[in-house]
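**Student:** Build the 3D model from these lines:
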Amino acid sequence: MPPTVDLYGTAYGNFAEDVLTQVRRDTYGEDFGQSSWVTGIEYRRFFQLLKLAAADHVLDVGCGSGGPALFLAREAGCRVTGVDVNQAGIQAGLTLARQAGLEDRVHFRRADVREPLPFPDRSFDAIVCMDAMCHLPDRGRILGEWCRVLRPGGRMLYTDPVVMTGLVTNEELATRSSTGYFEFCPPGVNERLIGQAGFELVRAEDVTDNEVEVSHRWHAARQLCSAELIRLEGEETFAGLQRFLATVHRLTSDRRLSRFAYLGRKPE
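**Tutor:** Numbering: from 1, shown residues only. All right, here's what the predicted structure looks like:
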């Protein structure tokens, strides 16, 4: 079994390093501090699907280093609260918000989604969760919590990058899950859990192409900066992350693992 590698600790703990800024720029084209499979073009389209307005308060679940939350606030003009279990990510987010002068509109707090969300009922107008749902246990309960903290008529959108749409070997599965806790599911499970949580499913869309492209660019960008990254991460972590990204690209290119976006609405 491939050794576990710390993708998120590396990305968040070393967020401000010049080499990681360069890797993000080469990977995404538009660097807003993301460490998922989402690009600026795709995220803006998701904002439109959510019908965000400047008066809205958005919850960003699995906010990572905070860059996407700040991007959302700047693009849509709304308030954003980001939650993540990774303390290094939260600290990076707080620093970015302060540097951007957005502390009045963007807030971050550490929260473990295995516990009830630390917010009252009907606190938010929308919820986003980019490529983090696969890391969260007890998905049905989590979706129920989202429904609780959303106002009636509010919308949520999340992406799941590990939907099982083909045959995957045990070695490939181990490598794909080497960066932390994962839950893989077959088609139809997300749709069913969304309905059971009390949401109306508005849209389920295959967005695998983004993961195919980003995984390829991320691997190539890191390879170009290999010497600096090895000094920063160590040889074992560098090699493990390259192996992880190559496996993601192969599985998604073959459509054996797919990425879907799910848009749900809480009934009035």
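**Student:** Now for residue 139, how many residues are close by?
**Tutor:** 20 (other C-beta atoms under 10 Å). In short, each C-beta sits where N, CA and C put it, glycine included.
**Student:** Repeat that for residue 198.
**Tutor:** Residue 198, neighbours per other C-beta under 10 Å, totals 15.
**Student:** Confirm that it sits in a strand.
**Tutor:** No. Under DSSP: H, G, I helix; E, B strand; the rest coil, residue 198 sits outside any strand and is assigned coil.
**Student:** residue contacts, it?
**Tutor:** 144, 147, 266, 267 (C-beta atoms under 8 Å, 6 or more residues apart in numbering).
**Student:** redo that, cut-off 6 Å
**Tutor:** Going by C-beta atoms under 6 Å, 6 or more residues apart in numbering, residue 198 touches residue 147.
**Student:** ditto for the one 3 residues further on
**Tutor:** If a contact means C-beta under 6 Å, 6+ apart, then residue 201 has 191, 194, 264 as its contacts.
**Student:** Name the next helix or strand downstream of the longest strand seen in the chain, please.
**Tutor:** Taking DSSP state E as the criterion, the chain has its longest strand at strand 150-164. Toward the C-terminus, strand 150-164 is succeeded by helix 170-176 as the next helix or strand (DSSP states H and E).
**Student:** which helices and strands does that following helix pack with?
**Tutor:** Judged by 3 or more C-beta pairs under 6 Å, 6 or more residues apart in numbering; DSSP states H and E, helix 170-176 is in contact with helix 235-253.
**Student:** residues in contact with the helix or strand following the helix it packs on?
**Tutor:** Downstream of helix 235-253, the first helix or strand assigned by DSSP H and E is strand 257-265. Counting by C-beta under 6 Å, 6+ apart, strand 257-265 makes contact with 49, 155-163, 165, 190, 194, 199-208, 211, 251, all of which sit outside it.
**Student:** at 7 Å instead, please
**Tutor:** Contact partners of strand 257-265, identified using C-beta atoms under 7 Å, 6 or more residues apart in numbering, comprise 37, 49, 155-165, 168, 176, 190, 194, 199-208, 210-211, 251-252.
**Student:** now do stretch 73-86
**Tutor:** Residues contacting stretch 73-86 (C-beta under 7 Å, 6+ apart): 8, 12, 44, 47, 52-54, 56-64, 66, 69, 72, 90, 93, 102, 105-112.
**Student:** Among the contacts of strand 257-265, name the buried ones.
**Tutor:** 37, 155-165, 168, 176, 190, 194, 199, 204, 207-208, 210-211, 251-252 (16 or more other C-beta atoms under 10 Å).
**Student:** What's the local residue count around residue 27?
**Tutor:** Using other C-beta under 10 Å, residue 27 has 23 other residues around it.
**Student:** Kindly report the same for the one 4 residues further on.
**Tutor:** By the measure other C-beta under 10 Å, the count of residues near residue 31 is 17.
**Student:** What of the one 10 residues further on?
**Tutor:** In terms of burial, residue 41 registers 11 neighbours under the definition other C-beta under 10 Å.
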